[in-house]
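> This is a predicted model, with the sequence first.
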Amino acid sequence: MIHKQPDPEKKYYTISELSAITGVAPHSIRYWEKEFGLLRPMRKESGHRRYLRRDIEILNEIKDLVYRRKMTLAGAKKALSRRGGAQPDAPAPARAADEETRRLLEEAHKELSAIMKEC
């Protein structure tokens, strides 16, 4: 059950916002990041996590498998790997995430370059 709808205008969500949207406690989210290779938030220089809409979808899927279907974490990992074909413990994020990250970095670079030109 989703507690709060994600803001369609936002690109990034904090762990608190992700928790409010999915109904999963922040400590569980952090633990699941370690257990599931598909859940990979971006990190700011300060170390704060920034989640994308894709992370909300993945977290909701994990929540469904663990809480509603009563699977163990090992069972949920197997189910996710069968569905997505990705290795759940893979250290690198999925290819789509790489593309999205690259696009976001290019956009940020353009914005920062524009700001520097103004100074």
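The structure has been received and is ready for your questions.
> Could you check which helix or strand contains the residue nearest the centre of the chain?
Residue closest to the mean C-alpha point of the chain, counted by C-alpha atoms, centre = their mean, is D55 at 2.5 Å. In this assignment (DSSP states H and E), D55 forms part of helix 53-63.
> That helix packs against which elements?
Under the contact criterion of 3 or more C-beta pairs under 8 Å, 6 or more residues apart in numbering; DSSP states H and E, helix 53-63 touches helix 15-22, helix 26-35, helix 73-84, helix 95-118. Just so you know, the C-beta spots here come from the backbone N, C-alpha and C atoms, and that holds for glycine as well.
> packing partners for the first one?
Contact partners of helix 15-22 among helices and strands, from 3+ C-beta pairs under 8 Å, 6+ apart: helix 26-35, helix 53-63.
> Quick check: mean pLDDT of it?
Helix 15-22 shows a mean pLDDT of 93.
> Just the residues contacting it, thanks.
Identification of contacts with helix 15-22 by C-beta atoms under 8 Å, 6 or more residues apart in numbering yields 2-6, 13, 24-26, 29-30, 41, 49, 51, 55-56, 59-60, 63.
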